[in-house]
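J.: with the input below, show me the fold.
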Amino acid sequence: MFFSRRSLSVALGFALCLLSVASCFARPNVLFIIVDDLRPELGCYGVEGVTTPNLDSFANEALLFERAYCQIATCRASRMSLLSGFRPTAREIGTNRDVRKGMQDIDPLPLHFRKNGYRTIGFGKIAHNGEEDVRCWSKPHRMPENAAYEYRTRAGRALVEKIRKDAAEAGKPDPFRQIPKKIHRGMAWENLDVEDDDLGDGQIAELVLDALDEKSDQPFFLAAGFLRPHLPFVAPKRYWDLYDPERLPHAKSLAPPPGSSSLVSNRSRELLLQYRNLPESLPLEPATERALVHGYYACVSYIDAQIGRLLEGLKTRGLADDTIVVITADHGFQLGDHGMWGKATNFELSTRVPLLIRVPGSKSKGSRTDSLVELVSLYPTLCEVTELPLPGHLQGTSFARLFEDPEAKLRETAFSQYYRGDATGYSVRTENFRYTEWRDDKTDDLLYRALFDYRLDEVERENLVDQAAFAEEVAKLSGILNRGWREGVYE
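T.: Below is the predicted model:
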């Protein structure tokens with residue numbers, strides 16, 4: 001049988017097309033897990049007294065990043081930076097506003113995977129509550145049924161309804177409409193005798209497991225955004241019972257460094273202005289502090305259990321060997337550290353995040369790396385390990401090389417920032433130091449600066465910026481910092 005050159009050319013083109021499609025479908029799946037407000041205080045990070053058996057076990061299969069940092073310690077802006085691949089100074093991300101309209105000319109991370117042959121599915125808080133980009137998902141994104149702040153629990157709902165009823169009976173207007181100072185989010189912590197799936201995060205885990213059962217010829221990019229341990233600290237009783245309140249970890253630094261500007265403090269506004277069973281200002285009673293810390297760690301253990309369900313779900317479905325797993329957080333959280341509750345600072349406990357990534361077949365299984373990495377670099381890293389093309393707008397740099405050589409040092413810095421009114425604090429973390437400059441946004445005047453040496457003081461109790469012995473280091477770091485934020489040169 002003889003074929004014409006044209007028919008051979010067509011057949012060859014068809015075969016190449018099939019090979020291209022097969023190559024696309026042979027790409028690994030991605031399970032992307034992001035946890036809200038999670039400090040890197042887990043057993044696998046060497047922290048005693050915190051019960052996280054599933055994450056600890058996963059660390060034996062993954063690469064654990066000891067020095068991973070967000071670019072801005074607040075939920076919406078950090079997630080927008082991670083998902084877009086932009087630093088906070090781009091597209092007004094650092095304002096913490098909803099910036100989706102300004103992102104229509106670029107492909108966020110899930111959309112890039114969708115355009116390159118992946119089935120993309122998301123549950124829970126990926127971008128921000130109610131602000132998911134509909135372009136990103138192959139099917140509509142879903143939040144769990146029990147997700148609204150004011151109606152998350154029976155006790156929280158009952159408290160809100162009682163306040164409203166008392167006001168109505170007294171002939172007074174609805175206090176939640178009349179006095180917006182306190183958002184009606186119920187109580188700051190609750191210990192509930194309920195099942196895991198009665199709360200939102202258990203429901204997210206169940207949705208993800210159902211999605212794993214869906215049949216498709218495409219690889220999946222499956223995103224799970226867990227809500228806890230974000231306030232309110234609500235978890236089933238079994239996780240509260242894991243901890244003795246008298247033996248809980250406690251803050252090692254109870255006030256900002258002497259001489260600090262008011263700009264460095266978040267004033268614990270998220271906690272004090274949004275929940276009902278708290279005073280209007282600090283300090284808190286010791287029993288209240290203990291209850292908050294207890295609630296936070298109960299939530300951490302609750303989330304650990306949900307992540308364990310997902311990891312086990314991959315194994316039982318035969319998907320573990322074909323799935324890259326990313327576990328991280330949008331930022332850290334201060335539990336009374338420096339006298340503050342919440343995030344929204346440039347301190348280490350706000351900006352440092354846990355990061356564990358398992359890439360099947362890599363040399364990094366069960367390893368740790370001290371290399372500095374930034375969340376803005378997750379986008380290019382995931383592109384590289386899945387062999388997707390890199391979009392031209394990305395401002396982070398891939399750290400995929402670490403999966404083959406965890407000892408490699410890819411960069412010298414990690415940059416973060418935070419704003420306070422008309423001022424912004426720009427911060428750079430190196431192996432041993434953190435240097436921060438607060439500047440007036442309108443005049444560029446230097447308002448305050450700080451230097452911490454973690455070899456001497458790991459909890460940032462002393463600002464060394466004015467000590468003569470550190471003058472050379474200050475000048476060096478100031479140059480690095482300003483080349484980054486002003487010139488876009490992130491060394």
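J.: next up, the contacts around residue 32.
T.: Contact partners of residue 32, counting by C-beta atoms under 8 Å, 6 or more residues apart in numbering, are 221-224, 326, 382. C-betas here are computed from N, CA, C, even on glycine.
J.: how about the strands in the stretch 1-150 of the chain?
T.: Using DSSP state E, counting those that start in this stretch, the strands of the stretch 1-150 of the chain run over 29-35, 63-65, 68-69, 119-124.
J.: out of those, flag the one nearest residue 313.
T.: strand 29-35 (9.3 Å; C-beta to C-beta).
J.: tilt between that closest one and strand 119-124?
T.: With axes from the mean of the first three to the mean of the last three C-alpha atoms, to 10 degrees defining the directions, strand 29-35 sits at 20 degrees from strand 119-124.
J.: now strand 29-35 - C-alpha only, PDB.
T.: What follows is strand 29-35, C-alpha atoms only, in PDB (Å, rounded to 0.1, in the frame of the first residue of the first chain):
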ATOM      1  CA  ASN A  29      -2.000  16.400  39.400                       C
ATOM      2  CA  VAL A  30      -1.700  19.200  41.900                       C
ATOM      3  CA  LEU A  31      -3.400  19.300  45.400                       C
ATOM      4  CA  PHE A  32      -2.900  22.900  46.600                       C
ATOM      5  CA  ILE A  33      -3.800  23.400  50.300                       C
ATOM      6  CA  ILE A  34      -3.700  26.900  51.900                       C
ATOM      7  CA  VAL A  35      -4.500  27.300  55.600                       C
END
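J.: got the buried residues for that strand?
T.: 29-35 (16 or more other C-beta atoms under 10 Å).
J.: measure the residue nearest the centre of the chain to residue 166 for me?
T.: Taking C-alpha atoms, centre = their mean, the centroid of the chain lies closest to residue 330, which sits 1.4 Å from it. For residue 330, the distance to residue 166 (C-beta to C-beta, to the nearest Å) stands at 37 Å.
J.: please apply the same query to residue 304.
T.: Remark: distance between residue 304 and residue 166 (C-beta to C-beta) = 39 Å.
J.: look at these two and report which has more neighbours.
T.: Applying other C-beta atoms under 10 Å to residue 304 and residue 166 shows that residue 304 carries more neighbours, namely 23 against 11.
J.: wait, doesn't the more buried one sit right on residue 55?
T.: Yes. The criterion here is C-beta atoms under 8 Å, and residue 304 meets it with residue 55 at 5.3 Å.
J.: tell me, what's touching the two both at once?
T.: Joint contacts of residue 304 and residue 55 (C-beta under 8 Å, 6+ apart) are residue 42.
J.: domain ranges for this protein, per the record?
T.: Split into domains by automatic domain parsing, the chain comes to 27-412, 421-491.
J.: turn those domains into a markdown table, columns for mean pLDDT.
T.: Conversion of those to a markdown table gives the following (pLDDT from 0 to 100):
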| stretch | mean pLDDT |
| --- | --- |
| domain 27-412 | 93 |
| domain 421-491 | 96 |
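J.: deepest-packed of these, please.
T.: The highest mean neighbour count among the domains of the chain, using mean count of other C-beta atoms under 10 Å, belongs to domain 27-412: a mean of 19.
J.: need the distance between the two termini of it.
T.: End-to-end distance of domain 27-412 (C-alpha to C-alpha, to the nearest Å): 32 Å.
J.: now swap in stretch 267-275 and tell me
T.: Counting by C-alpha to C-alpha, you get 15 Å between the two ends of stretch 267-275.
J.: list of residues touching that stretch?
T.: By C-beta under 8 Å, 6+ apart, stretch 267-275 touches 181-183, 185-188, 231-232, 278-282, 292, 340-344.
J.: who does the helix or strand harbouring residue 449 pair up with?
T.: Per DSSP states H and E, residue 449 falls inside strand 446-453. Strand 446-453 has the following sheet partners, assigned by DSSP bridges: strand 433-440 (antiparallel).
J.: and the strand it pairs with, how far out from the chain middle?
T.: Taking the mean of its C-alpha atoms, strand 433-440 sits 22 Å from the chain's own mean (C-alpha atoms, centre = their mean, to the nearest Å).
J.: what do you get for stretch 356-369?
T.: Centroid separation for stretch 356-369 versus its chain: 20 Å, with C-alpha atoms, centre = their mean.
J.: give the other helices and strands that the helix or strand harbouring residue 473 contacts.
T.: Secondary structure assignment for residue 473, by DSSP H and E: helix 471-487. Identification of packing neighbours for helix 471-487 by 3 or more C-beta pairs under 8 Å, 6 or more residues apart in numbering; DSSP states H and E yields strand 414-420, strand 423-429, strand 433-440, strand 446-453.
J.: ok, 7 Å please
T.: In terms of contacts (3 or more C-beta pairs under 7 Å, 6 or more residues apart in numbering; DSSP states H and E), helix 471-487 is packed against strand 423-429, strand 433-440.
J.: ok, residues contacting that helix?
T.: 89, 413, 415, 426, 428, 433, 435, 437, 451, 465, 489-491 (C-beta atoms under 7 Å, 6 or more residues apart in numbering).
J.: distance of residue 352 from residue 38?
T.: 11 Å.
J.: go on, residue 399?
T.: Per C-beta to C-beta, residue 399 is found 20 Å from residue 38.
J.: quick one, helices of this protein?
T.: 5-25, 53-59, 75-84, 109-115, 154-169, 175-178, 200-212, 237-240, 269-272, 286-316, 348-351, 378-385, 471-487 (DSSP state H).
J.: and the longest one with helix 200-212, angle?
T.: Relative orientation of helix 286-316 and helix 200-212, computed by the same axes, to 10 degrees: 10 degrees.
J.: between the strands of the stretch 1-150 of the chain, which one is closest to residue 138.
T.: It's strand 119-124; of these, that one is closest to residue 138 (C-beta to C-beta) at 4.8 Å.
J.: chain center to that closest one: distance?
T.: 17 Å.
J.: which strands or helices does that strand pack on?
T.: Strand 119-124 is packed against helix 109-115, helix 200-212, strand 220-226, with contacts defined by 3+ C-beta pairs under 7 Å, 6+ apart.
J.: in a markdown table, list the ones you listed along with distance to residue 135.
T.: Formatted as a markdown table, the helices and strands packed on strand 119-124 follow (distance: least, C-beta to C-beta, whole Å):
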| stretch | distance to residue 135 |
| --- | --- |
| helix 109-115 | 5 |
| helix 200-212 | 19 |
| strand 220-226 | 13 |
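J.: what's the closest of the ones you listed to residue 125?
T.: Closest of these to residue 125 is strand 220-226, at 3.7 Å (criterion: C-beta to C-beta).
J.: what packs against that closest one?
T.: Taking 3+ C-beta pairs under 7 Å, 6+ apart as the contact cut, strand 220-226 packs with strand 29-35, helix 109-115, strand 119-124, helix 200-212, helix 286-316.
J.: circling back to that earlier point, the helices of the chain: which one's closest to residue 358?
T.: Comparing the helices of the chain by C-beta to C-beta, helix 53-59 comes nearest, at 7.1 Å.
J.: what are the contacting residues of the closest one?
T.: The contact list for helix 53-59, computed with C-beta under 7 Å, 6+ apart, reads 42-44, 304-305, 307-308, 311, 327, 356.
J.: report the two of those separated the most.
T.: Going by C-beta to C-beta, the pair spanning those furthest: 305 and 356, at 16.2 Å.
J.: pipe the contacts of residue 32 into TSV and attach distance to residue 374 per row.
T.: Shown next, in TSV, are the contacts of residue 32 (distance: C-beta to C-beta, whole Å):
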residue	distance to residue 374
221	21
222	24
223	19
224	22
326	14
382	14
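J.: how far away is residue 126 from residue 172?
T.: According to C-beta to C-beta, residue 126 and residue 172 sit 40 Å apart.
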